[in-house]
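Asks: Requesting a structural model of the entry that follows:
(one chain, ligands or ions: 1)
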Amino acid sequence: MLQDKKMKCPRCNSTKIRKNGRRQTKQCFQCRVCGRQLVESPKFQPYSEEIEQLCFKMYLNGMGLRGIERVTLTLLLIWGKN
Ligand SMILES: [Zn+2]
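Replies: Here you go, the predicted model:
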């Protein structure tokens with residue numbers, strides 16, 4: 001597994017991620033450039049937090065659940081390719 005090499009900071013796009021201990025069963029990481037904390041997630045890697053916030057914003061803006069789902073899937077595809 002080349003998981004460490006694939007990790008990317010969602011804030012500054014740096015790949016200089018170091019391990020930062022464990023939280024329950026999840027491996028924690030920290031960006032060495034901007035200090036952003038990342039938590040390993042089997043589903044969404046480090047992006048789940050951003051997506052959650054984004055969904056909440058879209059929900060507040062009155063977007064329907066179907067629309068939110070579509071945008072989220074699109075973003076996941078885009079981010080997954082980076
Ligand atoms: Zn960073």
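Asks: Off-centre distance for the host helix or strand of Glu69?
Replies: Using DSSP states H and E, the element containing Glu69 is helix 65-81. Relative to the mean C-alpha coordinate of its chain, helix 65-81 is positioned 12 Å out (Cα atoms, centre = their mean, to the nearest Å).
Asks: Stretch 57-68 too?
Replies: 19 Å.
Asks: Can you give me the buried ones in it?
Replies: 58, 68 (16 or more other Cβ atoms under 10 Å). C-beta coordinates here come from the backbone N, C-alpha and C atoms, glycine included.
Asks: And for it, what's in contact with it?
Replies: With contact meaning Cβ atoms under 8 Å, 6 or more residues apart in numbering, stretch 57-68 is reached by 55, 71.
Asks: interface residues of the chain facing the ion?
Replies: 9, 11-12, 14, 31, 33-34, 36 (Cβ under 5 Å from the ion).
Asks: Run a quick neighbour tally on Met7.
Replies: Neighbour count of Met7, defined by other Cβ atoms under 10 Å: 20.
Asks: so how far is the ion from it?
Replies: Relative to the ion, Met7 is positioned 11 Å away (Cβ to the ion, to the nearest Å).
Asks: Which pLDDT value does the model give the residue located most distally from the centre of the chain?
Replies: Farthest-out residue of the chain from its mean C-alpha position, per Cα atoms, centre = their mean: Gly62, at 23.6 Å. For Gly62, the model assigns a pLDDT of 85.
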